[in-house]
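Undergrad: need coordinates for the below:
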Amino acid sequence: MRGVEPGEETVKNFNLKPGQVAIVAEDSKVARQLLEQGLKSMGIPAMMFNTGLEAWIKISEMQKEAQANGESINDKIALVLTDLEMPEMDGFTLTRNIKRGEGLRQIPVVIHSSLSGSANEDHVRKVGADGYVAKFEINELSSVIHGVLEKKR
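TA: Residues are numbered from 1 along each chain as shown. Below you'll find the model as predicted:
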């Protein structure tokens, strides 16, 4: 895992709607810190969770709150960034839940993982993820996030 260099010129800065956040599910404390720093350098506020289940509970709460206020979940969640291997709920299940959830499927999901290989990438596509990034390349992460957010617009 390489360190994050916030000053790197190739990192894109994103202008999200006020109030939008990235939901991040990652069980490694070091990876969580790197992701938080990387997202911050991109201008993306993040809510960090240790497991897919914790992230799913928060997404569900945010969806209920948005519905109660007559808002779209897209006004609250810009994207979900998830690891694959985590306790309680893995990234595949979290992604599947989002992509099958009524009112949630339009949320971009980017999977980041140290697991590589065509079998994993095939599985990532099958669960409906919008992007895949190997851990941990900040420039690649920035490019993938840029791509999924542009596609959403």
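Undergrad: worst-scoring helix or strand of the chain, pLDDT-wise?
TA: Within the chain, confidence by mean pLDDT, DSSP states H and E is lowest for helix 118-126 among all helices and strands, at a mean of 68.
Undergrad: check which helices and strands the longest helix seen in the chain sits against.
TA: Ranked by residue count and defined by DSSP state H, the top helix of the chain is helix 52-68. For helix 52-68, the packing partners by 3 or more C-beta pairs under 8 Å, 6 or more residues apart in numbering; DSSP states H and E come out as strand 21-25, strand 46-49, strand 77-82, helix 91-100. Every C-beta, even on glycine, is put in place using the N, C-alpha and C of the backbone.
Undergrad: 6 Å instead, please
TA: strand 21-25, helix 91-100 (3 or more C-beta pairs under 6 Å, 6 or more residues apart in numbering; DSSP states H and E).
Undergrad: and the shortest one, what's its mean pLDDT?
TA: Mean pLDDT, taken over the full extent of strand 21-25, equals 95.
Undergrad: angle of it against strand 77-82?
TA: 20 degrees (axes from the mean of the first three to the mean of the last three C-alpha atoms, to 10 degrees).
Undergrad: quick one: contacts of strand 21-25?
TA: Applying C-beta atoms under 6 Å, 6 or more residues apart in numbering, the set of residues contacting strand 21-25 from outside is 35, 39, 44-49, 52, 55, 77-82.
Undergrad: could you list the low-pLDDT ranges of this structure?
TA: Across the chain, the ranges flagged by pLDDT under 70 are 1-15, 115-121, 123, 136, 152-153.
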